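Student: need a 3D model of the sequence below.
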Amino acid sequence: MAFSELLDRVGALGRFQVLQMVALVVPIMWLTTQNLVENFSAAVPSHRCWVPLLDNGTAQASTPGTLGPEALLTVSIPPGPNHGPHQCRRFRHPQWQLLDPNITATNWSEAATEPCVDGWVYDLSTFTSTIVAEWDLVCDSQALRPIAQSIYLAGILVGAAVCGQASDRWLAESARWLLITGRLQWGLRELQRVAAINGKRAAGDALTIEVLPSATQEDLSVSQAPASLGTLLRTPGLGLRTCVSALCWFGFGFTFYGLALDLQALGSNVFLLQVFIGVVDILVKIGILLLLNRVGRRPMQAVSLMLTGLCILANMLVPHEMGTLRSALAVLGLGGLGAAFTCITIYTGELFPTVLRMTAVGLGQMAARGGAILGPMVRLLAVQSPSLPLLLYGAASVLSGLATFLLPETQGLPLPDTIQDVQSQAVKKATHSTRRHSVLKSTWF
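Tutor: Residues are numbered from 1 along each chain as shown. Below is the predicted model:
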């Protein structure tokens, strides 16, 4: 009796599996909201330099005449790049001559300015409290915001590596793993518990410890094969899969966290944009699950990554005044990343044999975390060119999408259990391709 037959007896898909899925989905949902909360807790409100004429009651009282706030702002703050008040400079002394309607722009540029030596005044009408306003992460300190995001994502990477082992003591052990490692009595109890939860207590009670060793002979031989990163990289037929898969994971993490943690750069209304992204993400992931079995893994992953990259590159050409179009392209691009994540999660598991599957998935997730750490840091390059971060995000997605075509299609194929299974699949594919080419050649003549 194989283990799959044991699992069918106690319930391969029942209440136990549903509860287990919910137990995993709920914390993942909370983690996702935590990852994106910095769009609001680290939002950058509108700001300007603190100036005495506007922000000091004593100085306002000594102002001659009855000048309004707009006039006082004109003589205190120079115009910025976007034709509004400059966010990082102020006049050293009030420029009263600027109240003359006949004044020219030349006079503005000649006026002496200085940095915001007395701090900033923030518009807290939309975001009542952010770390940017609390710690003045603006102007010369604006680089600290993406650095803080990268440090947070680096902490997630370290926590996954350190706490992942510690969390195993709180999770239900896999009955299959228990049987493979020789803990038959414990494995039998787990199978009986699954049967009880799935409403098949009688089937669980009928299981005996004598039938368990024969059910795990194949798994036992598989588990004794080497499972290491070196095996993934050195084994013929697996090295290319490992590198391309890791590149796709990296491209996803790099692009997603580079864009998703700076929604203010993609649209004017962050709240509405976040809602649209969430709705589109859910719909896309449902749709991609339906298409994977019809179109295939490789084309769907390639198209989703390349679509994301093209949307990002197109946004470089759209003026900032066309906010609606920029937001639409951003939502479509992030939706493509959601589709790519669904594809790569399923695809990676099917590319590698059982003995190396979790090692390969873990390597891919590490690559994604590495990309996530670098993603926010790339935004610092906007000082050199505002379009440079978008260019890098778009190029990473397009290149990883093109690299996907180097992987084999796994649709309809059984999951490989051993390294030999992977290599035999490659041989069969090469043989089939050679035969097909020979037939076409002979038909031509």
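
Student: how about the helices in the stretch 101-250 of the chain?
Tutor: 105-110, 131-135, 144-167, 175-180, 184-197, 201-206, 212-215, 217-223, 229-234, 239-260 (DSSP state H, counting those that start in this stretch).

Student: quick one, the longest helix seen in the chain and helix 239-260 angle?
Tutor: The helix of greatest length in the chain, counted in residues with DSSP state H as the criterion, is given as helix 323-351. Counting by axes from the mean of the first three to the mean of the last three Cα atoms, to 10 degrees, helix 323-351 lies at 150 degrees to helix 239-260.

Student: residue 376 in helix, strand or coil?
Tutor: State at residue 376, reduced to three classes by DSSP: H, G, I helix; E, B strand; the rest coil: helix.

Student: any regions of the stretch 151-300 of the chain where pLDDT drops low?
Tutor: Residue ranges of the stretch 151-300 of the chain with pLDDT under 70: 164-168, 170-174, 176-177, 180-181, 211, 213-227, 267-268.

Student: do that again at 90, thanks
Tutor: The model of the stretch 151-300 of the chain has pLDDT under 90 over residues 152-153, 155-239, 259-278, 289-290, 292-294, 296.

Student: what packs against the longest helix of the chain?
Tutor: If you count contacts as 3 or more Cβ pairs under 8 Å, 6 or more residues apart in numbering; DSSP states H and E, helix 323-351 packs onto helix 239-260, helix 270-295, helix 297-315, helix 354-378, helix 388-403. Yep, even glycine has a C-beta here, placed from its N, CA and C like the rest.

Student: still on that earlier bit, how about the helices of the stretch 101-250 of the chain in a markdown table, adding mean neighbour count?
Tutor: Formatted as a markdown table, those follow (neighbours: other Cβ atoms under 10 Å):
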| stretch | mean neighbour count |
| --- | --- |
| helix 105-110 | 10 |
| helix 131-135 | 16 |
| helix 144-167 | 14 |
| helix 175-180 | 20 |
| helix 184-197 | 19 |
| helix 201-206 | 14 |
| helix 212-215 | 16 |
| helix 217-223 | 15 |
| helix 229-234 | 14 |
| helix 239-260 | 23 |
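
Student: Throw those into CSV and include distance to residue 339, thanks.
Tutor: Formatted as CSV, the helices of the stretch 101-250 of the chain follow (distance: least, Cβ to Cβ, whole Å):
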stretch, distance to residue 339
helix 105-110, 49
helix 131-135, 32
helix 144-167, 22
helix 175-180, 31
helix 184-197, 33
helix 201-206, 40
helix 212-215, 38
helix 217-223, 32
helix 229-234, 26
helix 239-260, 10
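
Student: out of these, nearest to residue 300?
Tutor: helix 239-260 (12.1 Å; Cβ to Cβ).

Student: tilt between that closest one and helix 354-378?
Tutor: Using the same axes, to 10 degrees: helix 239-260 against helix 354-378 is 40 degrees.

Student: and the angle for helix 239-260 with helix 270-295?
Tutor: Going by the same axes, to 10 degrees, helix 239-260 makes 160 degrees with helix 270-295.

Student: other SSEs contacting helix 239-260?
Tutor: Packed next to helix 239-260, using 3+ Cβ pairs under 8 Å, 6+ apart, are helix 15-36, helix 229-234, helix 297-315, helix 323-351, helix 354-378, helix 388-403.

Student: out of the ones you listed, which gets nearest to residue 53?
Tutor: Ranking the helices and strands packed on helix 239-260 by proximity to residue 53 (Cβ to Cβ) places helix 323-351 first, at 32.7 Å.

Student: distance from the closest one to the middle of the chain?
Tutor: How far helix 323-351 lies from its chain's middle: 9 Å, per Cα atoms, centre = their mean, to the nearest Å.

Student: and it, what's buried?
Tutor: Neighbour counts over helix 323-351 (16 or more other Cβ atoms under 10 Å) mark 326-344, 346-351 as buried.

Student: list the contacts of stretch 370-384.
Tutor: 143, 146-147, 149-150, 153-154, 156-157, 249-259, 261-262, 265, 388-389, 392-393, 396 (Cβ atoms under 8 Å, 6 or more residues apart in numbering).

Student: so for it, what gets flagged as buried?
Tutor: Residues 370, 371, 372, 373, 374, 375, 376, 377, 378, 379, 380, 382 are the ones in stretch 370-384 that count as buried (16+ other Cβ under 10 Å).

Student: and the residue nearest to residue 55 when sequence neighbours are not counted, how many neighbours?
Tutor: Computed as Cβ to Cβ, 6 or more residues apart in numbering, the closest residue to residue 55 that is not its neighbour in sequence is residue 121, at 5.9 Å. Number of residues near residue 121 (other Cβ atoms under 10 Å) recorded here: 17.

Student: chain neighbours aside, what residue packs nearest to residue 417?
Tutor: residue 354 is the one closest to residue 417 (Cβ to Cβ, 6+ apart), at 4.6 Å.

Student: residue contacts, the one you found?
Tutor: So residue 354 contacts 222, 415, 416, 417, 418 (Cβ under 8 Å, 6+ apart).

Student: how near is it to residue 425?
Tutor: Taking Cβ to Cβ, to the nearest Å as the measure, residue 354 falls 14 Å from residue 425.

Student: same check on residue 81?
Tutor: 57 Å.

Student: which of the two has more residues huddled nearby?
Tutor: More neighbours surround residue 425 than the other of residue 81 and residue 425, with 16 against 7 (other Cβ under 10 Å).
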